[in-house]
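# Return atomic coordinates for the entry below.
(chains A and B)
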Amino acid sequence: MATGPGLIISIEEKRYADSVAPTLSGFKAEIAPGSVTAILGPSGIGKSTLLRIIAGIDRDFSGHVTIDGQPAAEAAPPGFLFQDPRLLPWLTTSDNVRTAGKGVSTEKAMAALARTGLADHANLYPHQLSGGMQRRAALARALALNAGLLLLDEPFVSLDRSLVEEMYELIASVAAADGPTMILVTHMTEDAARLADRVLVLSGTPAHITADLALSKPRYQRDRATLDTYRQLIEGAN
Amino acid sequence: MAGLPQIGEPPRAGRKRALPLLELLSFPILLLVWQVLAMVLAHRLFPSPIAVGQEMLRLATEGKLLTDLSKTLWRASLAFILAMLLGTALGILLGRKAWLDRLFSSWLLVGLNLPAIVVAIALYIWLGLTETALILAVVINKVPLVATTIREGVRSFAPEFDELALAMRWPPAKRLRLIFLPQLMPFVLAAARTGLSLIWKIVLVFEVLGSDGGVGYRVSLFFQFFDITGILAYTSAFILVVLAIEYGVLRPIEKRVLQWRPAQA
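Purely as a prediction, here's the structure:
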């Protein structure tokens, strides 16, 4: 089992051209290879911006992000699950998964779809899928590449409870089996308590890390009492 | 109210199946209306579709209908291809580069509002009654319309897909194939359809104005003799060709390219 890369994130400042105050400031963190890190904070604080910087999409910031020593924009593509499914509407579900990268054959795409329970929907177009299915198809695309780095932007938002449980299980199984380095952005304490080894709490204006909590393994299969403890711990730091 | 469809309810399967049949019946109904009107009016200046059909057959076998049709088709096709190529390239540039749009949008506005006949007359004066002048006049009339449609299309592209491409490190060719062209195609097809219908009409008018043959030229000759049957025979033949292009070329392309779109109710 190959372990994902380690990251060094150092963002001195990220400011959007049309905003007076910077969005992020003084964000420094080292992410261990193969870890699951949750970045927790309220909506609109800059979590997605942070993820876009890590993915190498947003290069307009002062500071640096390295992935196994390489600048983020030059590193191997991460598996990225955007907040919206962002499936290409003109491609079928399996073709969408195949767009993940050169190495993603039809077989690999089908395997990723099977993993997310969508094997029977491979030939449908995105508009023919429900919202939850679209989210799972997007997850299949993020997983198909077997990327060392997985970036998940609010993966459980607006999903019904049973589907969230399925997604928790799926993401936990991916973390256990493939060992990627995972960064999960969420505003839900529950997501962080269930899946993460480490929680970075973002707050303030500009946003910065206000708490850095380590949670013990195993992930996901935590008993209720442990989960409650973690929830209180995280909420206390939030 | 149990039997009535509610707002937002999908059309019933039976109604969906009836839609192609309705389309198929559309032209026979038009011909029938024409025939009935011709019988009611019973005037030599309002010939029946049967009379027009017979005249069309006669002109095709004994007259110059096929030669004229091919001449007009050639002019329209060449003008269409040139206008689409130029208009698409211009539209993409204007849609992507704000400074170019600022610089040339007023030119586009002038182009859109320039009377077609003025362009044709000016070019006939400058270049003489030539094939080049005619085709150039059509192209100049059509390019602004194509460019405007494409520019609006490019402006409406979803920036989220560009982010997706960046995250996945797609090379430019892959971005072009997977993001740019699929978003552009509906607008190209819309421009092609409106463009084609406009070009047919303009070519005919310009042929009336000055040319050595073609459907427009022949129609103007028939006009001098008040030969309405001949005019309608030429027009009908021309419409048949346009329909053949619509159903034989444009629709299959559209169906193939836009098959991913949700079916329209």
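# what residues are up against the residue nearest the centre of chain B?
The centre of chain B sits closest to residue B:196, judged by CA atoms, centre = their mean, with a distance of 2.3 Å. With contact taken as CB atoms under 8 Å, 6 or more residues apart in numbering or on different chains, residue B:196 is in contact with B:76, B:80, B:242, B:245, B:250. (Each C-beta comes from the backbone N, C-alpha and C, glycine too.)
# quick one, what contacts the last one?
In other words, residue B:250. Contact analysis of residue B:250 by CB under 8 Å, 6+ apart lists B:189, B:192, B:193, B:196.
# hang on, the earlier thing: and the pLDDT at the residue nearest to the centre of chain B?
Here, the pLDDT recorded for residue B:196 equals 86.
# do residue B:62 as well
88.
# Could you do residue A:174 as well?
Looking at residue A:174, its pLDDT stands at 88.
# That one contacts residue A:143, correct?
Yes. Contact status for residue A:174 versus residue A:143: in contact at 6.2 Å, counting by CB atoms under 8 Å.
# returning to what we had before: any of the contacts of residue B:250 buried? List them.
Neighbour counting with 16 or more other CB atoms under 10 Å in any protein chain shown marks B:189, B:192, B:196 as buried within these.
# From the residues you listed, pick the one nearest chain A.
Closest approach to chain A among those (CB to the nearest CB): residue B:189, at 13.2 Å.
# Let me know the secondary structure of that closest one.
Following DSSP: H, G, I helix; E, B strand; the rest coil, we place residue B:189 in the helix state.
# mind checking which helix or strand the nearest residue to it once chain neighbours are set aside is in?
Among residues not flanking residue B:189 along the chain, residue B:254 sits closest, at 5.4 Å (CB to CB, 6 or more residues apart in numbering or on different chains). Element membership for residue B:254 (DSSP states H and E) is helix B:251-257.
# okay, the buried ones among the contacts of residue B:250 in TSV with distance to residue A:104 next?
Converted to TSV, the buried ones among the contacts of residue B:250 look like this (distance: CB to CB, whole Å):
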residue	distance to residue A:104
B:189	30
B:192	34
B:196	40
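# if we can go back for a sec, just among the contacts of residue B:196, which is most surrounded?
Within these, most neighbours by other CB atoms under 10 Å in any protein chain shown means residue B:76, with 25 neighbours.
# Kindly list the longest helix within chain A.
helix A:161-178 (DSSP state H).
# and it, which residues are buried?
A:163, A:164, A:167, A:168, A:170, A:171, A:172, A:174, A:175, A:178.
# swap in stretch B:45-56?
For stretch B:45-56, by 16+ other CB under 10 Å, it's B:46, B:47, B:48, B:49, B:51, B:52, B:53, B:55, B:56.
# Then stretch A:33-47?
A:33, A:34, A:35, A:36, A:37, A:38, A:39, A:40, A:41, A:45, A:46, A:47.
# care to break chain A down by domain?
Chain A breaks down by automatic domain parsing into domains covering A:7-78+A:150-237, A:90-146.
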